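**Student:** Have a look at this prediction, sequence included:
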Amino acid sequence: MDDRLRVRVVPNRRHCYRTADGYVLFACHWRHARVAIIRPDGRAPFVYLTSMLDAAITIEADRAARSIR
């Protein structure tokens, strides 16, 4: 996987991480979801997922889709 998927802990937030290009991942407990992702320009999660591996795959796909637009 790409080095851009490395995350940093967001200060003063539990279980919240940010990628170098601005995606925010955080732990949640909504229905069957365990991880939510916010796009760099977003204010609300655009997807809820069951694992961090799914999150990595989703972020890579979203980056590819956004570069095509």
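**Tutor:** Perfect, thanks for sending it.
**Student:** was I right about residue 39 contacting residue 47?
**Tutor:** No - if you go by Cβ atoms under 8 Å, residue 39 and residue 47 don't touch, sitting 9.2 Å apart. The way it works is simple: take the backbone N, C-alpha and C, and place the C-beta from them, glycine included.
**Student:** So which of the two has more stuff around it?
**Tutor:** A direct count of neighbours by other Cβ atoms under 10 Å for residue 39 and residue 47 places residue 39 higher, at 18 against 15.
**Student:** And the more buried one, what's its pLDDT?
**Tutor:** For residue 39, the model assigns a pLDDT of 94.
**Student:** How about it: what's its closest non-neighbour residue?
**Tutor:** The spatial neighbour of residue 39 that comes closest, neighbours along the chain excluded (Cβ to Cβ, 6 or more residues apart in numbering), is residue 46 at 5.5 Å.
**Student:** wouldn't the one you found be in contact with residue 25 here?
**Tutor:** No - taking contacts as Cβ under 8 Å, residue 46 lies outside contact range of residue 25: 11.6 Å.
**Student:** Name the residues contacting each of the two.
**Tutor:** Any residue near both residue 46 and residue 25 by Cβ atoms under 8 Å, 6 or more residues apart in numbering counts here, and that gives residue 37.
**Student:** the more surrounded of the two?
**Tutor:** Remark: of residue 46 and residue 25, residue 25 carries more neighbours, 24 against 12, as counted by other Cβ under 10 Å.
**Student:** quick one: the strands in the protein?
**Tutor:** With strands called from DSSP state E, the chain shows them at 7-9, 16-19, 24-30, 33-38, 47-49.
**Student:** Distance to residue 63 added to the ones you listed, as JSON lines?
**Tutor:** Shown next, in JSON lines, are these (distance: least, Cβ to Cβ, whole Å):
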{"stretch": "strand 7-9", "distance to residue 63": "14"}
{"stretch": "strand 16-19", "distance to residue 63": "10"}
{"stretch": "strand 24-30", "distance to residue 63": "14"}
{"stretch": "strand 33-38", "distance to residue 63": "12"}
{"stretch": "strand 47-49", "distance to residue 63": "13"}
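**Student:** Cheers, nothing more for now.
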